[in-house]
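Visitor: Structural data only, the sequence is not supplied:
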């Protein structure tokens, strides 16, 4: 057996785990990226939405992990996320004339109020979320046990990535979204009502953040402080991938997933700085992110 | 704003968030104080975390204090108690503000509570300068006004090392802990003890404190090391994640997981069956079979529908210590100095964990138990499986 295959065998589990983590990050970050691309709005409440989803899962999912309770949790997450997205759009529209800093500060305020509200409602205790019944065990991959649920997470993340790709690249609506990212003013001169699209993208992006919180529940749990942590990593993913690009968010998510797992396993001493090191490196080589476009201005 | 400016703006923001320890959701400690009682009663400062990461421990303390005062008609040592509750918050800064308030505005005679050891170190001199004694679980170095009712690191570390050297000498050990002062102190101490006892240590890892969401990469390394014993130091949210993932990644079949009480205390419900079989050493377990403990546990369960934690027991013990000390003053004036002198002569104290007395470090010499996390009818609890012995605060076995 060559050195390469030996290394691969030893670290396969870590690589698979990085894939699961990366696709969860993608699900969270894709909405953040598109919203930024379209509105130039940095939604700092995105992490709070994720944590809200985690709490929905902690409260709604039955201890046995019954499938019905999972379906219910995901439905509530979609509804809560979509409503929150519409609410956020409405509130930020009111501040449009005051500029992007005012909008970003508004979302910062919402995130602070939101996390205090979650602390008040759910308390400071750490909550855990049981995996769906039948998926809570482990499978053996090359002699190493691995939780089945995380494999499901990989499948789900790939599905969302595929849907995003088809909708954004193969439909008229997707073309409009991409056009708004490139230049919103030109799109509105074409007689297209950009507001509807804005509301739609924020609703879908926010819903995905809450859904990511539910799906990440069995992996990350729900606890005060998780919101700030995931927001930070999502920002890094967006910066690495390039703002406004769904594909960029996918690449950024997968990259950070590996950096966080494989990087930690190989260089544990510098683990806390690895993702920022990766971000700094990408910014030096490609200042607009891996798939960001340099010429676009708004 | 150009796209380029925005990118660097966000990157800068991400760095800034990282540097501030990704705060964002921490809640600053409030200054709310609740006061009960009349003017001729004794004022006692009760400092507990009501916000921040230790808020749930604050609840445990609050509940234990209620149980003790309910049992004694709101009296300690035969005197009515005017309990002034303040929030210690989550940082030494918020704690110091609350401590000053107790000293200057409320002019309390004695203080109890205080969970966070970093806060305890910060406020210790505020109280000792005013000659106000503190009865607390907080770990503070030499201070004549500080009375420790909980545990000390040396007694926890030595007792588990003695056990491992005697019971698992042939198994290679791996140590892992959260990367901050307390974590490093404990892991380094246990490691030195194991090596001195002839146990092979095959690896030591410190994980970033407060930001590690997934322990899989570390667990993979433990797997590769072929360790048969794992000693872990984690508390709170990190303990829940570590223990759960330890089970999910199949480490349970390879190595027995040990830790001090922080690993499971208050986390068992969230850890669920993944924690089954985890061994922790502690000064307390609700399963201790004594009349005093039974009375305490029954009252606690009846009132709050929850099992008392080691923190609840420690606060109950604080109340018992104060009860006895204040009673010994009799009709004399209750001042900080008088209470401090009385605390020095308090002798044997009977609390739910057992009977103990303060040693010269003003900390208990006490029995340390080994507990196994056990699942009974779907409910997890830490059951005592072995008495490790009586240890003094400096870790000497007697």
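Guide: Perfect, I can see it now. Because the structure is a prediction, the values reported are computed rather than measured.
Visitor: got any ranges where the stretch 1-150 of chain B has weak pLDDT?
Guide: Residues of the stretch 1-150 of chain B meeting the criterion pLDDT under 70: B:1-40, B:52-53.
Visitor: ranges for the strands of it?
Guide: All strands of the stretch 1-150 of chain B, identified by DSSP state E, counting those that start in this stretch, fall at B:34-35, B:42-48, B:75-76, B:79-87, B:110-113, B:134-136, B:146-148.
Visitor: Just send those strands back as CSV, with mean neighbour count and distance to residue A:215 too.
Guide: C-beta coordinates here come from the backbone N, C-alpha and C atoms, glycine included. Listed next are those as CSV, based on neighbours: other Cβ atoms under 10 Å in any protein chain shown; distance: least, Cβ to Cβ, whole Å:
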stretch, mean neighbour count, distance to residue A:215
strand B:34-35, 10, 41
strand B:42-48, 25, 36
strand B:75-76, 20, 51
strand B:79-87, 21, 35
strand B:110-113, 27, 40
strand B:134-136, 28, 42
strand B:146-148, 25, 45
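Visitor: mind putting those strands in a markdown table, distance to residue B:168 included?
Guide: Below are the strands of the stretch 1-150 of chain B laid out as a markdown table (distance: least, Cβ to Cβ, whole Å):
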| stretch | distance to residue B:168 |
| --- | --- |
| strand B:34-35 | 49 |
| strand B:42-48 | 38 |
| strand B:75-76 | 44 |
| strand B:79-87 | 43 |
| strand B:110-113 | 37 |
| strand B:134-136 | 34 |
| strand B:146-148 | 30 |
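Visitor: Residue B:119 reaches residue B:86, doesn't it?
Guide: No - under the criterion of Cβ atoms under 8 Å, residue B:119 makes no contact with residue B:86, lying 11.7 Å away.
Visitor: Which residue does the stretch 1-150 of chain A have closest to chain B?
Guide: For the stretch 1-150 of chain A, the residue closest to chain B is residue A:145, as judged by Cβ to the nearest Cβ, at 3.1 Å.
Visitor: If that residue is in a bridge, with which residues?
Guide: With DSSP bridges applied, residue A:145 shows beta-bridge pairing to residue A:140.
Visitor: my guess is it meets residue B:216, correct?
Guide: No - using Cβ under 8 Å, residue A:145 makes no contact with residue B:216, being 11.2 Å away.
Visitor: Look up how far chain A lies from residue B:281.
Guide: 22 Å (Cβ to the nearest Cβ, to the nearest Å).
Visitor: tell me the SS of that residue?
Guide: strand (DSSP: H, G, I helix; E, B strand; the rest coil).
Visitor: got it, and residue A:289?
Guide: Residue A:289 is classified as coil under three-state DSSP.
Visitor: Tell me who's in contact with the closest residue to it other than its chain neighbours.
Guide: The shortest distance from residue A:289 to any non-neighbouring residue, by Cβ to Cβ, 6 or more residues apart in numbering or on different chains, is to residue A:242 (2.9 Å). By Cβ atoms under 8 Å, 6 or more residues apart in numbering or on different chains, the contact set of residue A:242 is A:33, A:248, A:252, A:286, A:288-293.
Visitor: before we move on, could you check phi and psi at residue A:242?
Guide: Torsion angles at residue A:242 (phi, psi; degrees, to the nearest 10) stand at phi 100, psi 130.
Visitor: From residue A:181, how far off is it?
Guide: 11 Å (Cβ to Cβ, to the nearest Å).
Visitor: try residue B:49
Guide: With the distance defined as Cβ to Cβ, residue B:49 ends up 46 Å from residue A:181.
Visitor: Kindly report the same for residue B:194.
Guide: 58 Å.
Visitor: And the two? Which one has more around it.
Guide: Shown here are residue B:194 and residue A:181; by other Cβ atoms under 10 Å in any protein chain shown, residue A:181 has more neighbours (25 against 22).
Visitor: how about the strand or helix carrying the more buried one against chain B, any contact?
Guide: Element membership for residue A:181, per DSSP states H and E: helix A:172-182. No - Helix A:172-182 stays clear of chain B (Cβ under 8 Å from any Cβ of the partner chain), getting no nearer than 10.2 Å.
Visitor: how far is that helix from where the chain is centred?
Guide: Relative to its parent chain, helix A:172-182 has a centroid offset of 20 Å by Cα atoms, centre = their mean, to the nearest Å.
Visitor: List the buried residues for that helix?
Guide: For helix A:172-182, the neighbour count (16 or more other Cβ atoms under 10 Å in any protein chain shown) marks A:174, A:176-182 as buried.
Visitor: And stretch B:144-156, by the same measure?
Guide: Counting neighbours by 16+ other Cβ under 10 Å, the buried set in stretch B:144-156 is B:145-156.
Visitor: so who does the closest residue in space to residue A:15 that isn't next to it in sequence touch?
Guide: Leaving aside its chain neighbours, residue A:15 sits nearest to residue A:262 (6.2 Å; criterion: Cβ to Cβ, 6+ apart). The contact partners of residue A:262, taken as Cβ under 8 Å, 6+ apart, are A:11, A:14-15, A:18, B:217.
Visitor: In the stretch 1-150 of chain A, what residue spans correspond to strands?
Guide: A:138-141, A:144-147.
Visitor: which helices and strands does the first one pack with?
Guide: Under the contact criterion of 3 or more Cβ pairs under 8 Å, 6 or more residues apart in numbering or on different chains; DSSP states H and E, the helices and strands touching strand A:138-141 comprise helix A:3-39, strand A:144-147, helix A:148-170.
Visitor: if I look at residue B:112, how far off is residue A:183?
Guide: Counting by Cβ to Cβ, the gap from residue B:112 to residue A:183 is 65 Å.
Visitor: got a list of what residue 114 touches?
Guide: As the question left the chain open, I've gone with chain A. A:45, A:48, A:51-52, A:227.
Visitor: was after chain B, sorry
Guide: Residue B:114 neighbours (Cβ under 8 Å, 6+ apart): B:47-48, B:88, B:95, B:120, B:123, B:134, B:136-138.
Visitor: quick one: it and residue B:283, what's the gap?
Guide: Shown here: residue B:114 relative to residue B:283, a distance of 17 Å by Cβ to Cβ.
Visitor: related to what we said a few turns ago, state the number of residues packed around the residue of the stretch 1-150 of chain A closest to chain B.
Guide: Residue A:145: 20 neighbours (other Cβ under 10 Å).
Visitor: which among the contacts of residue A:242 end up buried?
Guide: Buried among the contacts of residue A:242 by 16+ other Cβ under 10 Å: A:33, A:248, A:252, A:288-293.
Visitor: need these in TSV with pLDDT and distance to residue B:42, can you?
Guide: Below are those laid out as TSV (pLDDT from 0 to 100; distance: Cβ to Cβ, whole Å):
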residue	pLDDT	distance to residue B:42
A:33	91	60
A:248	92	65
A:252	94	61
A:288	83	67
A:289	84	64
A:290	85	67
A:291	82	68
A:292	76	66
A:293	69	71
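Visitor: Farthest-apart pair in the residues you listed, please.
Guide: Using Cβ to Cβ, the buried ones among the contacts of residue A:242 span at most 15.1 Å, a distance reached by A:252 and A:293.
Visitor: which residue packs closest to residue B:133, ignoring adjacent ones?
Guide: Closest to residue B:133 by Cβ to Cβ, 6+ apart is residue B:340, at 4.2 Å.
Visitor: Tell me where chain B has helices.
Guide: If DSSP state H is used as the criterion, the helices of chain B fall at B:3-19, B:55-71, B:92-100, B:117-129, B:153-167, B:181-196, B:216-225, B:236-248, B:268-271, B:291-304, B:310-329, B:336-344.
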